[in-house]
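Asks: Attaching a predicted model along with its sequence, questions to come.
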Amino acid sequence: MLIHVVNPNTTVSMTDKIAAAARAVASTGVEILATQPETGPVSIEGYYDEAFAIPGMLMRILEAEKAGAQAHVIACFDDTGLDAARSAVSSPVIGIGEAAYHVASLIAGKFSVVTTVAQAIPVMEHNLVRYGLASRCARVRAGGFEVLALEEEGSDARAKISAEIEAAKVEERAEAIVLGCAGMADLAADLSVEHGLPVIDGVAAAVALAEGLIKLGVKTSKRGGYTPPLRKPYAGAFAAYAYPG
């Protein structure tokens, strides 16, 4: 079984961390192929970054599909380019945001999300409405640090995440926490013990769900919105990104 995990940003250390989290939860015999685009932002923090992360990420997904990947995981909590990816390939594509929300809703009456920067909050609130889980989310919180602070030695990012979790327990009576960034994948287990409640990492949740969908033998429906793109030339700098068919 081959599962492709793509980090939509171009930071290698974050891809390595995501790959380790995916391999830690994968079953014996499951191969994790971790990739990242060659072009795009070093981190994704809001709508503008998201737009420029998608083309390179879609190329990685098309390449991995051709190489035999049986499912794809988009390792950005905004679920960057999720609909476009589902249109481009037949194998299931899972966003770590959608995966984490669903897992949290199965084990808790209400949960809170802890992410990085405040501008990410509207994206996540929009996705929660779209996925039908907004009523289960008590609040989306931001720790007030940039994504790449999670990669810096000596950073206070973990302490800020822990403080937000404590506040969510007191102020919202949160029953579970969803970590709102793939760069937090290595923190879930320790934070769960520290705070005494389930802490969900989206990478692990998405890989577990991907395994399940592969075992069920289901693929993305090609009726309606996820119908494959029409073949046509793209002009200018995006000429190489035209759908190959």
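Replies: Structure's in. What do you need? Numbers count the residues shown, from 1 in each chain.

Asks: Next, the contact list for residue 76, please.
Replies: Applying CB atoms under 8 Å, 6 or more residues apart in numbering, we find residue 76 in contact with 7, 8, 9, 44, 50, 53, 95, 96, 97, 182. Where C-beta positions appear, they are placed from N, C-alpha and C, glycine not excepted.

Asks: likewise residue 177?
Replies: Counting by CB under 8 Å, 6+ apart, the residues that residue 177 touches are 111, 112, 113, 114, 165, 168, 191, 195, 197, 198, 199, 200.

Asks: Just the ones in helices from those residues, please.
Replies: Counted as lying in helices by DSSP state H, out of the contacts of residue 177, are 165, 168, 191, 195.

Asks: Take the residues you listed and write them to a markdown table, including neighbour count.
Replies: Formatted as a markdown table, the ones in helices among the contacts of residue 177 follow (neighbours: other CB atoms under 10 Å):
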| residue | neighbour count |
| --- | --- |
| 165 | 23 |
| 168 | 23 |
| 191 | 19 |
| 195 | 16 |
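
Asks: With only the CA atoms kept, save the helix ranked longest in the chain in PDB.
Replies: Ordering each helix of the chain by length in residues (DSSP H) puts helix 47-66 first. Output in PDB follows, covering the C-alpha atoms of helix 47-66 (Å, rounded to 0.1, in the frame of the first residue of the first chain):
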ATOM      1  CA  TYR A  47      -5.300  33.100   1.200                       C
ATOM      2  CA  TYR A  48      -2.500  34.700  -0.800                       C
ATOM      3  CA  ASP A  49       0.100  32.100   0.100                       C
ATOM      4  CA  GLU A  50      -2.400  29.400  -0.600                       C
ATOM      5  CA  ALA A  51      -2.900  30.500  -4.200                       C
ATOM      6  CA  PHE A  52       0.800  30.200  -5.000                       C
ATOM      7  CA  ALA A  53       1.200  26.900  -3.200                       C
ATOM      8  CA  ILE A  54      -1.400  25.000  -5.200                       C
ATOM      9  CA  PRO A  55       0.200  24.700  -8.800                       C
ATOM     10  CA  GLY A  56       3.400  23.000  -7.500                       C
ATOM     11  CA  MET A  57       1.400  20.800  -5.100                       C
ATOM     12  CA  LEU A  58      -0.900  19.600  -7.900                       C
ATOM     13  CA  MET A  59       2.200  18.600 -10.000                       C
ATOM     14  CA  ARG A  60       3.400  16.400  -7.100                       C
ATOM     15  CA  ILE A  61       0.000  14.800  -6.800                       C
ATOM     16  CA  LEU A  62      -0.200  14.000 -10.500                       C
ATOM     17  CA  GLU A  63       3.400  12.500 -10.400                       C
ATOM     18  CA  ALA A  64       2.600  10.400  -7.300                       C
ATOM     19  CA  GLU A  65      -0.600   9.100  -8.900                       C
ATOM     20  CA  LYS A  66       1.400   8.100 -11.900                       C
END
